[in-house]
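Chemist: mind folding the following:
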Amino acid sequence: MTGIQDKMQGMLHEIVAKERDTGIQLAVYHKGGLAVNAWAGIADTDTNEPVTEHTLFPVFSVTKGITATMLHILAERGALDYEQRICELWPEFAKYGKENIRIRHTLDHTAGIPQMPDNITAAEANDWDGMCRKIEDLKPLWAPGERLEYHALTYGWIIGRIIELVSKQSFADFMKREICEPLGTKSMFIGIPGEALEAASIATLYEPGFDRNNLNTSGIITIPDFGTSMCGWINQRSTLQACIPAANGLFNALSLARHFAALLPGGADGVRLLSEDTVKKAAKVSSSDLKPDGLCEFGLGYSIGGYDSRKSIFGHGGYGGSIAFADSESNLAVALTKNYFHINSAEMEIVRAVQEMLG
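Modeler: Prediction:
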């Protein structure tokens, strides 16, 4: 695999040299083995710290793919059912007409509660227990299954709280035991502990062209105004340490690619997180007219539009351009992390170059 490693490493260096990105990582698994592990650029422009293979990147909604896997692990063990009403596991959730929302409605973004609580602050959003209580008090905007609206942040507290209630473990403990330890990685966090935060190299996100008008285009406040850009919010230490299972995942590309490879036949170096049958069900593309092409029925992905339209692909993109996905047809898992958020086609060029060589 030396040829593709060299080609992709050169491509990353060229993208950074042309100032199309600041810092970037790419990792690829093919047929269960690592094919590419490349990186380039700067993690923090103030310190001039270079990106390494170990640099952790905030990846926004790519986080949802790992959160979904955690729930599917419980489903595979028979601890919950996708058709189960959430209030059967979480009685307080039933308030204000939410008693008929099923787990699958959150997984496919049709639960009817995409909106964030009114006038919420960043500090409140970073409070796990407080946010779970606020989710209980949300009133649905429509009946479950009636309309699709991306649950940008509420997705994480709903699915995360279910995971805690069913597993009888904290979200962090369950992730460590069921995702990180089987994968053999210490580079995956959804809420990084203080001691790990001090020791880690974490990429600073940059978003010079941030425009809040580009958010909440449906008129529903799914992403509140925390008084800063999206990157400014996630860059804060308090946000990195919070548990926000829809948005504040902190990973390197290698750990993300390994996670998605572990969902494919043969796994990642033989490690499987879910059975093939579970993955097929979770990644099945919806045929409903309500849902866009590329939306999986049970949460192993939303649309990764622009990269590939094949139904064998499942994964999740993140605000700003990070992406991680698997392709069951070519037994390929790809993860790209980056820290400069602007509109260009660099990410698409990288993914397509990988697919041309291995897909």
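
Chemist: can you map out the strands along the stretch 151-300 of the chain?
Modeler: In the stretch 151-300 of the chain, the strands defined using DSSP state E, counting those that start in this stretch lie at 188-190, 249-251.

Chemist: switch those strands over to TSV; also include mean pLDDT and distance to Ala27.
Modeler: In short, each C-beta sits where N, CA and C put it, glycine included. Shown next, in TSV, are these (pLDDT from 0 to 100; distance: least, CB to CB, whole Å):
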stretch	mean pLDDT	distance to Ala27
strand 188-190	98	13
strand 249-251	98	10
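
Chemist: looking at the ones you listed, which is closest to Gly219?
Modeler: Minimum separation from Gly219 across the strands of the stretch 151-300 of the chain (CB to CB) falls at strand 249-251, 27.5 Å.

Chemist: from the chain's centre, how far out does that closest one sit?
Modeler: How far strand 249-251 lies from its chain's middle: 8 Å, per CA atoms, centre = their mean, to the nearest Å.

Chemist: cool, stretch 178-197 as well?
Modeler: 15 Å.

Chemist: what's the helix ranked longest in the chain packed up against?
Modeler: If you go by DSSP state H, the chain has its longest helix at helix 2-17. Secondary-structure packing of helix 2-17 (3 or more CB pairs under 8 Å, 6 or more residues apart in numbering; DSSP states H and E): strand 23-30, strand 33-44, helix 346-358.

Chemist: most tightly surrounded among the ones you listed?
Modeler: strand 23-30 (a mean of 28; mean count of other CB atoms under 10 Å).

Chemist: strand partners (parallel or antiparallel) of it?
Modeler: With DSSP bridges as the test, strand 23-30 is paired with strand 33-44 (antiparallel), strand 332-338 (antiparallel).

Chemist: re the thing from before, the helices and strands packed on helix 2-17: which one's closest to Pro140?
Modeler: With CB to CB as the measure, helix 346-358 is the member of the helices and strands packed on helix 2-17 nearest Pro140 (34.9 Å).

Chemist: list of residues touching that closest one?
Modeler: By CB atoms under 8 Å, 6 or more residues apart in numbering, the surrounding residues in contact with helix 346-358 are 3-4, 7-8, 11-12, 15, 20-21, 24, 26, 28, 30, 35-36, 306-308, 321, 323, 327, 330, 332, 334, 336, 338.

Chemist: so where do the helices sit in the stretch 51-200 of the chain?
Modeler: 63-76, 86-89, 103-107, 122-125, 128-136, 154-167, 171-175, 181-183, 194-199 (DSSP state H, counting those that start in this stretch).

Chemist: just for this protein, where's the confidence low?
Modeler: 1, 285-311, 343 (pLDDT under 70).

Chemist: all helices for the stretch 201-350 of the chain, in order.
Modeler: Taking DSSP H, counting those that start in this stretch to define them, one finds helices in the stretch 201-350 of the chain at 230-235, 237-241, 253-261, 276-282, 346-358.

Chemist: just put those in a markdown table and tack on distance to Ile42.
Modeler: As requested, the helices of the stretch 201-350 of the chain are arranged in a markdown table below (distance: least, CB to CB, whole Å):
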| stretch | distance to Ile42 |
| --- | --- |
| helix 230-235 | 15 |
| helix 237-241 | 19 |
| helix 253-261 | 16 |
| helix 276-282 | 36 |
| helix 346-358 | 15 |
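
Chemist: Gly184 is nearest to which of the ones you listed?
Modeler: That would be helix 253-261 among the helices of the stretch 201-350 of the chain, by CB to CB, at 8.3 Å.
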